[in-house]
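**Student:** Predicted coordinates and the sequence they were generated for:
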Amino acid sequence: MRYDQHTAVLLVRAADPPELPQDAIDRLHDAHLAHQAGLVEQGLVLATGPFLHPDDGLLRGFVVLSIAPDEARALFANDPAVRAGRLDARVTSWLVPEGNVRFEGVPMPRSMLEAAAGD
């Protein structure tokens, strides 16, 4: 069997995130979304999105990329939420049977306001 290889990033809540006021958290979340949208616009991200109701409360999001793991590590080291110590990026290779998963190009929200608008 042949496999497609992708790079997957699990975004997890940092073990000891800094305490921030809610307005700072909101700005950081917007900066994180803008960073993700920028990666999508560059054609590097195949799929991305948040997790809801994870069992351990630590899993925050999942990203599938079309680049090598080392490149993904470098990109996510620059994610504002990772730089601020709110998220950790765990990078790995992901194998799926060839052609089993297809990705469609869809726009990404660049802010919480845009995400809430649903358009």
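**Tutor:** The structure has been received and is ready for your questions. Residues are numbered from 1 along each chain as shown.
**Student:** which residue ranges form the strands in the protein?
**Tutor:** With DSSP state E, the ranges of strands along the chain come out as 3-13, 45-50, 59-65, 87-97.
**Student:** Make TSV from these and add mean neighbour count to it.
**Tutor:** The way it works is simple: take the backbone N, C-alpha and C, and place the C-beta from them, glycine included. Output for the strands of the chain, formatted as TSV (neighbours: other Cβ atoms under 10 Å):
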stretch	mean neighbour count
strand 3-13	18
strand 45-50	16
strand 59-65	19
strand 87-97	15
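**Student:** quick one: stretch 8-26 to chain centroid distance?
**Tutor:** From the chain centre to the centre of stretch 8-26 is a distance of 13 Å (Cα atoms, centre = their mean, to the nearest Å).
**Student:** quick one: Trp94 and His6 touch, right?
**Tutor:** Yes. Using Cβ atoms under 8 Å, Trp94 is in contact with His6, at 4.8 Å.
**Student:** Give me the common contacts of those two.
**Tutor:** With contacts defined as Cβ atoms under 8 Å, 6 or more residues apart in numbering, the residues shared by Trp94 and His6 are Val64.
**Student:** Nearest residue to the middle of the protein?
**Tutor:** Of all residues in the chain, the one closest to the mean position by Cα atoms, centre = their mean is Val63, 4.4 Å from it.
**Student:** give the contact list for it.
**Tutor:** Ala8, Val9, Leu11, Gln36, Leu39, Val45, Ala47, Thr48, Ala72.
**Student:** repeat that with 6 Å
**Tutor:** Counting by Cβ atoms under 6 Å, 6 or more residues apart in numbering, Val63 touches Val9, Thr48.
**Student:** Kindly state the pLDDT recorded for it?
**Tutor:** Here the pLDDT value assigned to Val63 is 96.
**Student:** what's the angle from the longest helix that the chain contains to strand 87-97?
**Tutor:** Identified as the longest helix of the chain according to DSSP state H is helix 22-41. Put simply, helix 22-41 runs at 30 degrees to strand 87-97, going by axes from the mean of the first three to the mean of the last three Cα atoms, to 10 degrees.
**Student:** So which residues lie in contact with helix 22-41, not counting its own?
**Tutor:** Helix 22-41 has contacts (Cβ under 6 Å, 6+ apart) with Val45, Thr48, Asp79, Pro80, Ala81, Ala84, Met108, Pro109, Arg110, Ser111, Met112.
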